[in-house]
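1. coords please:
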Amino acid sequence: MNQYKAVVSDLDGTLLNRYHALSERTIEVVRGLEKQGILFIIATGRHFKDVMMIKEKLGVMPYMITANGATVCAPSGDMIYQSAIPKEVVKSILAIDVPDIVYKNIYQDDLWLMERESHLFDDYYEDGAFRYTLCQFEDRMHFDTNKVFFTSEDPDALKPVYETIKQNYSDVVDVTFSLPVVLEVMAKGTNKGTALSSLLTGLNIEPEACIGFGDGLNDLEMLDFVGVGHIMGNADEQLKSQLPHLKVIGKNHDDAVARSLQHIFAL
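-> Modelled structure (predicted):
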């Protein structure tokens, strides 16, 4: 138990339950970690403004890796790192022709921006929670963009978009699926693993002293980097196949992360 100094966890499909909320058990366990002096780190594709609300419900002071590593915040909420996709690349990727069932999204500063209304994430957020703002992308191209992402209720509709970006932009961006219905695009070399590596180095914590939990392909680099990675039972099968040496635990709706942490840290 004493060899571990930090815990890093994804949110949706991992720390959060099937209703994309924190269970009382999870809150209690994470607070117990803090009392033991264990650093807790959130690593998610969500926007940092969104994660700040989740942090308040946890009642702890975690570091926050957000937008798949494009933004990193201190426990105070202050931004300590962010990356941006080159503006001309953002404009070109957003110009990709997609069917109406595919929606384009961007993260800029404090905003999640879309051009059309979408109800895909209605179940992910409570009333008053962080949500998208409608705009015209062409009016926002002079601002830095941390992340571009494509969403669709039909996962098959995103596959051609993935192939187009991989074929034409792989030298300047990284692309991955955080969920089958969410295709994420970040600046080259930006992912949860590289963000975590930089963060732990600054905190003087070795990777071997950190354990991690995740369920999506966007968790691959992070789980491969930490000393002990755990894959959720409900995880993407491609993640399981690419990291076959990692332990597969229970599912998010059974509080599997909290249960594992209780066992590891004798909480």
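2. quick check: domain ranges of this protein?
-> Split into domains by automatic domain parsing, the chain comes to 6-82+190-265, 87-187.
3. hey, which of those domains is tucked in deepest?
-> Ranked by mean neighbour count under mean count of other Cβ atoms under 10 Å, the domains of the chain are led by domain 6-82+190-265, which reaches a mean of 20. Backbone N, C-alpha and C define where each C-beta goes, glycine included.
4. can you get me the start-to-end distance on that one?
-> 11 Å (Cα to Cα, to the nearest Å).
5. now that domain: average pLDDT?
-> The average pLDDT for domain 6-82+190-265 rounds to 96.
6. and stretch 94-101, by the same measure?
-> Mean pLDDT, stretch 94-101: 97.
7. run through who's touching it.
-> Where contact means Cβ atoms under 8 Å, 6 or more residues apart in numbering, the residues beyond stretch 94-101 that reach it are 104, 106, 137, 148, 150, 152, 153, 154, 157, 161, 164, 165.
8. roughly how far is stretch 180-192 from the heart of the chain?
-> 9 Å (Cα atoms, centre = their mean, to the nearest Å).
9. whoops, I mixed them up, stretch 102-120
-> 16 Å.
10. please apply the same query to stretch 163-182.
-> 15 Å.
11. tell me which residues are up against it.
-> 12-13, 45, 68, 85-86, 89, 92-93, 96, 120, 149-155, 158, 162, 183-191, 216-218, 220, 236.
12. all strands of the stretch 51-200 of the chain, in order?
-> 63-66, 71-73, 79-82, 103-108, 111-114, 133-134, 147-151, 173-179, 182-187 (DSSP state E, counting those that start in this stretch).
13. ok, now which ones touch residue 16?
-> Here residue 16 is in contact with 22, 252 (Cβ under 8 Å, 6+ apart).
14. try it again with 10 Å
-> Residue 16 makes contact with 9, 10, 22, 23, 26, 44, 54, 124, 252, 253, 257, according to Cβ atoms under 10 Å, 6 or more residues apart in numbering.
15. could you export those as JSON lines, including distance to residue 79?
-> Formatted as JSON lines, these follow (distance: Cβ to Cβ, whole Å):
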{"residue": "9", "distance to residue 79": "21"}
{"residue": "10", "distance to residue 79": "20"}
{"residue": "22", "distance to residue 79": "24"}
{"residue": "23", "distance to residue 79": "29"}
{"residue": "26", "distance to residue 79": "26"}
{"residue": "44", "distance to residue 79": "15"}
{"residue": "54", "distance to residue 79": "17"}
{"residue": "124", "distance to residue 79": "23"}
{"residue": "252", "distance to residue 79": "28"}
{"residue": "253", "distance to residue 79": "33"}
{"residue": "257", "distance to residue 79": "26"}
